[in-house]
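Engineer: Quick one: sequence and predicted model below, then my questions.
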Amino acid sequence: MRVVTWNVRGLNQAYKQKELQVFVYRNKVGLLAIVEHSVHQKNVARVVKQVVPRRQWQHNYQVGGKRRIWVVWDARLCDFSVIQPTPQHIHGYLKIHVNNMAFHLTVIDGLHSIQDRKPLWEDLMNIAGLMSTPWLVMCDFNAIMHVHYRTHGPPVQDPKIKDFCDCMIDSGMEEMKSVGRDFTWTNHHTYNRIDRALVNATWVQNWPHLETHVLDLSFSDHSPLSVQIEDGTSPGGKPFKYFDYMMKHPQFMELVNKAWSLNASGDSMQRLRKKIKNVQLAMNELNRRE
């Protein structure tokens, strides 16, 4: 099944509803999150029934004001429980039935100004402080991470990048590997990468092979983001990774040296693999403990 997030403005229009319905069924979408759809609460049941019938759904109308987020899922494939709705995100827990794969999912709809997005960064860092399970954060952050993620537009100011980058560092998140389009939003003059998927260290340790597919815009000015989930196992061995922020820990070098100095038997390559494994285990324990 696929987990898909998409900024689709103006979903009141019948042709967009039809296009979205076709997209969901062609791509076997198990969970779909839609932001900025502009559908009034009194019309939501009718539109959801029209676009994705026989689906469960949740929203943030009670806290979202004009910033509306839907999460719609096929209960035959998965189950989604909302933990916290805010005007800029819905945070919840997703369990996939076929393989019992489960993780926290946060759908983002970032506001447009630097000041308005500050509560979003604070919320994500607060969630990160409580997170010990795999965590996926997706959709429209309305912020870019580097100047090269915009082209043909006004120059990117450092404050517009700083808060987002600081949040990623402080929360221990990294961008999931992506394939497909380089930019996720355009007005046919400026091109930005403001939609993305972030994951925490526990996600990387469990599913390093999963990646984000940045699909064609279709009838929206944003690209849908899709994560294809077939099963809960990696097709190959998990790569050894550590995160740069761990080097700042006062015990980092002591733990690395101690793990590397443990006795390892075998030929030179076997000893090297065992030493790397020892360091990996030490870093995993440090990450869990701290």
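Structural biologist: Perfect, thanks for sending it.
Engineer: Give me the distance from the helix ranked longest in the chain to the chain's centre.
Structural biologist: Of all the segments of type helix in the chain, defined by DSSP state H, the longest one is helix 268-289. Computed by Cα atoms, centre = their mean, to the nearest Å, the chain-centroid distance of helix 268-289 equals 27 Å.
Engineer: Give me the residues contacting it.
Structural biologist: 132, 201, 205, 240, 242-243, 246, 249, 251-252, 255-256, 258-260, 262, 264-266 (Cβ atoms under 8 Å, 6 or more residues apart in numbering). Where C-beta positions appear, they are placed from N, C-alpha and C, glycine not excepted.
Engineer: Would you mind giving me the PyMOL syntax to select the buried ones in the residues you listed?
Structural biologist: Those of the contacts of helix 268-289 that count as buried under 16 or more other Cβ atoms under 10 Å are selected in PyMOL with:
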select buried, resi 201+205+242+246+252+255+256+259
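Engineer: Where helices are concerned, which of the contacts of helix 268-289 count?
Structural biologist: 201, 205, 252, 255, 256, 258, 259, 260.
Engineer: so how many other residues sit close to the closest residue in space to residue 217 that isn't next to it in sequence?
Structural biologist: Distance criterion Cβ to Cβ, 6 or more residues apart in numbering; nearest residue to residue 217, sequence neighbours excluded, is residue 223 at 5.3 Å. Close neighbours of residue 223, defined as other Cβ atoms under 10 Å, add up to 23.
Engineer: contacting residues for residue 223?
Structural biologist: By Cβ under 8 Å, 6+ apart, the neighbours of residue 223 are 6, 180, 181, 183, 184, 185, 195, 214, 215, 216, 217.
Engineer: mind checking how far the helix or strand where residue 123 lies is from the chain centre?
Structural biologist: Here residue 123 sits within helix 114-130, counting by DSSP states H and E. Offset of helix 114-130 from its chain centre (Cα atoms, centre = their mean): 15 Å.
Engineer: ok, now stretch 148-160?
Structural biologist: Averaged C-alpha coordinates place stretch 148-160 at 22 Å from its chain's average position (Cα atoms, centre = their mean).
Engineer: now do stretch 201-209
Structural biologist: That offset, for stretch 201-209, works out to 13 Å (Cα atoms, centre = their mean).
Engineer: Buried residues, it. List them.
Structural biologist: For stretch 201-209, burial by neighbour count (16+ other Cβ under 10 Å) applies to 201, 202, 203, 204, 205, 206, 207, 208.
Engineer: three-state assignment of the last one?
Structural biologist: I take that to be residue 208. coil (DSSP: H, G, I helix; E, B strand; the rest coil).
Engineer: Tell me the one of the buried residues of stretch 201-209 nearest residue 166?
Structural biologist: Each of the buried residues of stretch 201-209 was scored against residue 166 by Cβ to Cβ, and residue 201 proved nearest at 17.7 Å.
Engineer: Distance of the closest one relative to residue 39?
Structural biologist: Noted for residue 201: a distance of 37 Å to residue 39, by Cβ to Cβ, to the nearest Å.
Engineer: again, but for residue 198
Structural biologist: Counting by Cβ to Cβ, the gap from residue 198 to residue 39 is 27 Å.
Engineer: Domains of this protein: list them as residue ranges, please.
Structural biologist: 2-228, 244-289 (automatic domain parsing).
Engineer: just the helices in the stretch 1-150 of the chain please.
Structural biologist: 14-26, 44-51, 61-64, 114-130 (DSSP state H, counting those that start in this stretch).
Engineer: contacting residues for the residue lying closest to residue 142 once chain neighbours are set aside?
Structural biologist: In space, and not counting its chain neighbours, residue 142 is closest to residue 110: 3.6 Å by Cβ to Cβ, 6+ apart. Neighbouring residues of residue 110 by Cβ under 8 Å, 6+ apart: 88, 117, 120, 140, 141, 142, 143, 194.
Engineer: now the residue nearest to the fifth one when sequence neighbours are not counted: how far from residue 123?
Structural biologist: It refers to residue 141. The shortest distance from residue 141 to any residue other than its chain neighbours is 4.5 Å, reached at residue 110 (Cβ to Cβ, 6+ apart). As judged by Cβ to Cβ, residue 110 and residue 123 stand 11 Å apart.
Engineer: and for those two, which residues touch both?
Structural biologist: residue 88.
Engineer: buried stuff in the helix or strand that contains residue 163?
Structural biologist: Here residue 163, judged by DSSP H and E, is contained in helix 158-171. By 16+ other Cβ under 10 Å, the buried positions in helix 158-171 come out as 160, 161, 163, 164, 167, 168, 171.
Engineer: do stretch 71-80 as well
Structural biologist: Using 16+ other Cβ under 10 Å as the test for burial, stretch 71-80 gives 71, 72, 73, 74, 77, 78, 79, 80.
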